[in-house]
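Novice: A predicted structure for the sequence below; I have some questions about it.
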Amino acid sequence: MWPFLFVLATLGLCFGSFSNVLIARMPQDESIGGRSRCPHCGHTLSVRDIVPLLSFLWLQGKCRLCRDPIALTYPVVELLGALAFLCAGWITSFQMISAVPLGLALWAMTTLAIIDARTQMIPDMMTLALAVSALVYQLTIGTPVWSGAILGVSFFALQWIVSRGAWVGSGDILLAGALGLLLGSWRYMLVSLMASYIIGALLVSVLLGLGYLKRNQHVAFGPFLVAGAVVILIAGDWILRVMLPL
């Protein structure tokens, strides 16, 4: 058990570190290749500066050269990557052949949700990474079920057509399809959509009440879609038993 936990956590930290690159560069259409640089002084970071989590602790949260503080978001995103892979291990009972693709899917979902929350943009490349990981995961646990993807795409495509793109964007359609592929059954996808809207409504209400949001201010829906899917991955069977006891 412990070796599996160590491997999953290490993979998650590494991919979480990569998430920081994607979050910073993708919205700016910058190349994700090349060495990382300090955002304050611009010097190229060495290998010892970019070891996930450990470098932040060793450098005491400051750039080694200019000593300006490193944003706390960097280690937090790395830890989220580790949590994604560990959660995948728990969901799959630590069957590595299934845990790794599910971990990659959860990592892609986390990265995508952060980018969308910050920029209201869903990068197609991240959605593609999610879809491929979801398909591989489904293949490791059986034959892929497509009804969830069909429901997700149809639900948001209909809204896009009716509103002429005012209610949802094409990124939401593709994301819903990828999440539907991950969840498989249309029943899981349906409950996931319900959970997404409930979570979204609750959070937006709180943010409005606290004054962090203004009425008519656009809110990215991608993070709520991701949250709803995570809820179903963790507790989908229990929720369906409660909703459909017969």
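Specialist: Looks like it arrived, so ask away. Numbers count the residues shown, from 1 in each chain.

Novice: quick check: domain ranges of the protein?
Specialist: Annotated domains of the chain cover 1-119, 145-246 [automatic domain parsing].

Novice: Export these to a markdown table and append columns for mean neighbour count.
Specialist: C-beta: built from backbone N, CA, C; applies to glycine. Shown next, in a markdown table, are those (neighbours: other CB atoms under 10 Å):
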| stretch | mean neighbour count |
| --- | --- |
| domain 1-119 | 17 |
| domain 145-246 | 17 |
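
Novice: so can I have TSV of those showing mean pLDDT and distance to Thr127?
Specialist: Shown next, in TSV, are those (pLDDT from 0 to 100; distance: least, CB to CB, whole Å):
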stretch	mean pLDDT	distance to Thr127
domain 1-119	89	7
domain 145-246	90	5
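
Novice: Would you mind saying which of those domains lies nearest Gln138?
Specialist: In terms of CB to CB, the element of the domains of the chain nearest to Gln138 is domain 145-246, at 6.2 Å.

Novice: next one: the closest one to chain centre, how far?
Specialist: On the basis of CA atoms, centre = their mean, to the nearest Å, the separation between the geometric centre of domain 145-246 and that of its chain is 13 Å.

Novice: what residues are up against Ser192?
Specialist: Residues in contact with Ser192 (CB atoms under 8 Å, 6 or more residues apart in numbering) are 179, 183, 225, 228-229, 231-232, 236.

Novice: What strand or helix carries the nearest residue to Asp49 once chain neighbours are set aside?
Specialist: In this structure, Asp49 finds its nearest non-sequential neighbour in Ser55, 5.4 Å apart by CB to CB, 6 or more residues apart in numbering. Assigned by DSSP states H and E, Ser55 belongs to helix 54-58.

Novice: Alpha carbons only: can I get that helix in PDB?
Specialist: Extracted in PDB, the C-alpha atoms of helix 54-58 (Å, rounded to 0.1, in the frame of the first residue of the first chain):
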ATOM      1  CA  LEU A  54      10.600  20.500  -1.700                       C
ATOM      2  CA  SER A  55      12.100  23.500  -3.500                       C
ATOM      3  CA  PHE A  56       9.500  25.800  -2.000                       C
ATOM      4  CA  LEU A  57      10.200  24.500   1.500                       C
ATOM      5  CA  TRP A  58      14.000  24.600   1.000                       C
END
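
Novice: And the contacts of that helix?
Specialist: Residues contacting helix 54-58 (CB under 8 Å, 6+ apart): 48-49, 51, 70, 74-75, 78.

Novice: Show me these that map onto helices.
Specialist: Counting by DSSP state H, the part of those found in helices is 74-75, 78.

Novice: Let me have those in JSON lines, adding distance to Pro123 as columns.
Specialist: JSON lines is the format used below for those (distance: CB to CB, whole Å):
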{"residue": "Tyr74", "distance to Pro123": "19"}
{"residue": "Pro75", "distance to Pro123": "23"}
{"residue": "Glu78", "distance to Pro123": "20"}
